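Asks: Sequence first, then the predicted structure:
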Amino acid sequence: MIKFITDFVSDHQIWMIPIIFFLAFGESLAFVSLLLPATVILLGLGALIGQSAIPFLPIYIAAVLGAFLGDWLSYWIGARYNDKIATIWPLSRYPYLLKRGHVFFERWGIFGAFLGRFFGPLRAVIPLVAGICGMSQYYFQLANITSALIWAFGVLAPGAFGIKSLSHWIG
């Protein structure tokens with residue numbers, strides 16, 4: 001799957017922005033993020049940016065928007081459906097994820113909403129738990145946008161700028 005997507009984007013660079021958006025959205029969306037290896041694909045696509053003449057800024061904005069909207073939707077689902085979510089697949093099969101997310105969120109609050117984006121399986125449940133717990137939407141969205149800005153840069157920039165710097169340095 002990873003090779004297929006990176007090869008496809010390499011051959012059809014015009015699709016990079018919507019694919020980056022979709023991957024970042026899926027990586028941040030509750031349930032979907034548990035099934036989609038988007039971080040690895042995004043790291044690979046970051047390297048593709050570094051090897052080509054694709055401008056970084058539009059790709060970065062697509063990743064930020066995808067991550068932001070994925071967490072926003074997850075928060076809304078949590079606020080809307082509350083504890084009923086624990087009975088829905090795949091969380092019904094992995095109940096410990098909600099418990100871990102709840103403990104993490106209760107301990108860290110807004111900082112938990114911010115930090116949750118950077119920790120694998122927690123990324124899928126922290127926004128959901130924030131909605132379930134009734135965290136203020138203002139504080140959640142503040143944590144959401146700031147973490148999305150940093151996360152998107154962190155997954156795309158090493159490949160995008162690292163490849164360019166390395167190729168310039170090697171000559």
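Replies: Okay, I see it.

Asks: Mind jotting down where the helices sit in the protein?
Replies: 2-11, 16-28, 38-51, 56-81, 95-108, 110-115, 122-132, 137-170 (DSSP state H).

Asks: May I see the buried residues of the fourth one?
Replies: For helix 56-81, burial by neighbour count (16 or more other CB atoms under 10 Å) applies to 56, 59-60, 62-75, 77-79. Glycine gets a C-beta too; all of them are placed from N, C-alpha and C.

Asks: again, but for the third one
Replies: Of the residues in helix 38-51, those with enough neighbours to count as buried (16+ other CB under 10 Å) are 38-50.

Asks: quick revisit: among the helices of the chain, which comes closest to W89?
Replies: Smallest distance to W89 across the helices of the chain (CB to CB): 11.4 Å, for helix 95-108.

Asks: ok, of the buried residues of helix 38-51, which one's closest to R100?
Replies: T39 (18.6 Å).

Asks: these two touch, right, that closest one and S28?
Replies: No: using CB atoms under 8 Å, T39 is not in contact with S28, being 10.5 Å away.

Asks: pretty sure F114 contacts I145?
Replies: No: using CB under 8 Å, F114 is not in contact with I145, being 9.9 Å away.

Asks: quick one, which of those two is more surrounded?
Replies: Neighbour count, other CB atoms under 10 Å: between F114 and I145, F114 has more, with 22 against 16.

Asks: Export only the CA atoms of stretch 74-90, formatted as CSV.
Replies: Extracted C-alpha coordinates of stretch 74-90, given in CSV (Å, rounded to 0.1, in the frame of the first residue of the first chain):
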residue,chain,number,x,y,z
SER,A,74,-13.5,13.0,16.0
TYR,A,75,-14.2,15.6,18.8
TRP,A,76,-17.7,16.2,17.4
ILE,A,77,-18.4,12.4,17.3
GLY,A,78,-17.3,12.1,20.9
ALA,A,79,-19.4,15.0,22.0
ARG,A,80,-22.4,13.8,20.0
TYR,A,81,-22.4,10.1,21.0
ASN,A,82,-20.6,10.1,24.3
ASP,A,83,-20.1,6.7,26.0
LYS,A,84,-22.1,4.9,23.3
ILE,A,85,-18.9,5.0,21.2
ALA,A,86,-17.3,2.2,23.3
THR,A,87,-19.8,-0.3,21.7
ILE,A,88,-18.9,0.6,18.1
TRP,A,89,-16.3,-1.3,16.2
PRO,A,90,-13.3,-1.1,16.3
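
Asks: and the closest residue in space to P95 that isn't next to it in sequence, what does it touch?
Replies: In this structure, P95 finds its nearest non-sequential neighbour in A86, 6.2 Å apart by CB to CB, 6 or more residues apart in numbering. Each residue near A86 by CB atoms under 8 Å, 6 or more residues apart in numbering is listed here: S92, P95, L98.
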